[in-house]
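> could you work out the structure for the sequence below:
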Amino acid sequence: VKRWWPWIAAANGAYALWWFVRGGARVPLWYDELFTVRLSAIPDLRGLWHALAGGVDFNPPGLYVVTRLARLAPLADPLDARLPALLGFALLTTSLFVFLRRRVGAGFAAAAVAVMPLSNFVARYAIEARAYMLVLGVSGCALVCWQSVGNTGGRRRIVSGCGLTLTVAFALTLHVWAVILPAALLAGEATIALRT
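Numbers count the residues shown, from 1 in each chain. The predicted structure follows:
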């Protein structure tokens, strides 16, 4: 497995993405997804902010801006609105693999990533035009940056710290419950401080 892990991980990721793209193109948009599509169609940020302040949806504007950009892709509807969730899935599996490879080795990391698409949570939210999977993907990137900050020094540590700051800030613009991410990272830091 050590020799073939890049190919195993790539094949698994490609198959999972194909499966989710296929499902995302066939399943009609449901109630909450229609809010995302409708709000992403507002032409300017001022109008979007006004709609969100009026209580149309409770998420920050980042989700709708990302969805608006994704809808520019030459994809069939509703797959274009679900593209951010699919990208979030790709980010999540990649970052989970990188994080685990550093901790337990490539074989176990490839095994963990291989079974992740079988999870009911992942299968459901990887094709939903909401912020959940994108927040998980960005959170996975933040976790890898947090791991790098603790394990590197010098210039790489500064780059990892900047990456950590940007990923946490981006997550906070996507969903209201992304506030859990900095709390979880602080809990990790507190655990490390108590151990040392």
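> going by C-alpha atoms from here, please, whenever you check contacts or count neighbours.
Noted.
> how about stretch 178-196: buried residues?
178, 181-182, 185 (16 or more other CA atoms under 10 Å).
> one more: stretch 73-82?
Here stretch 73-82 shows 78-82 as buried, counting by 16+ other CA under 10 Å.
> mean confidence for that stretch?
Here stretch 73-82 scores 82 as its mean pLDDT.
> now do the end-to-end distance for that stretch.
11 Å (CA to CA, to the nearest Å).
> pull the residues that contact it.
With contact meaning CA atoms under 8 Å, 6 or more residues apart in numbering, stretch 73-82 is reached by 21, 24-25, 28-29, 37, 67-68, 70-72, 127-130.
> so who does the residue nearest the centre of the chain touch?
Among the residues of the chain, Gly137 comes closest to the average C-alpha position under CA atoms, centre = their mean, at 1.9 Å. Residues near Gly137 by CA under 8 Å, 6+ apart: 87-93, 95.
> scan those and report the most crowded one.
Phe89 (30 neighbours; other CA atoms under 10 Å).
> my read is that that residue contacts Leu134, right?
Yes - counting by CA atoms under 8 Å, Phe89 touches Leu134, with 6.9 Å between them.
> tell me which residue of this structure is furthest from the middle?
Within the chain, the residue lying farthest from the chain centre (CA atoms, centre = their mean) is Thr196, at 31.3 Å.
> returning to what we had before: distance to Met116 and secondary structure added to the buried residues of stretch 73-82, as a markdown table?
Converted to a markdown table, those look like this (distance: CA to CA, whole Å; DSSP: H, G, I helix; E, B strand; the rest coil):
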| residue | distance to Met116 | secondary structure |
| --- | --- | --- |
| Pro78 | 24 | coil |
| Leu79 | 22 | helix |
| Asp80 | 23 | helix |
| Ala81 | 23 | helix |
| Arg82 | 19 | helix |
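> circling back to that earlier point, report the buried members of the contacts of stretch 73-82.
21, 24-25, 29, 37, 67-68, 70-71, 127-130.
> out of the residues you listed, which sit inside helices?
Among the buried ones among the contacts of stretch 73-82, the members falling in helices (DSSP state H) are 21, 24-25, 37, 67-68, 70.
> can you pull the pLDDT of the residue nearest to the centre of the chain?
Reported pLDDT for Gly137: 92.
> quick one: low-confidence parts of this structure?
By pLDDT under 70, the low-scoring segments of the chain are 1-2, 5, 9, 118.
> just to revisit the earlier point, name the member of the buried ones among the contacts of stretch 73-82 with the shortest distance to Trp49.
Nearest to Trp49, judged by CA to CA, of those is Arg68 at 14.3 Å.
> spatially nearest residue to that closest one (excluding sequence neighbours)?
Ser40 (4.9 Å; CA to CA, 6 or more residues apart in numbering).
> give the other helices and strands that the helix or strand hosting Gly163 contacts.
Under the criterion of DSSP states H and E, Gly163 resides in helix 154-174. The contact analysis (3 or more CA pairs under 8 Å, 6 or more residues apart in numbering; DSSP states H and E) places helix 154-174 against helix 62-70, helix 132-151.
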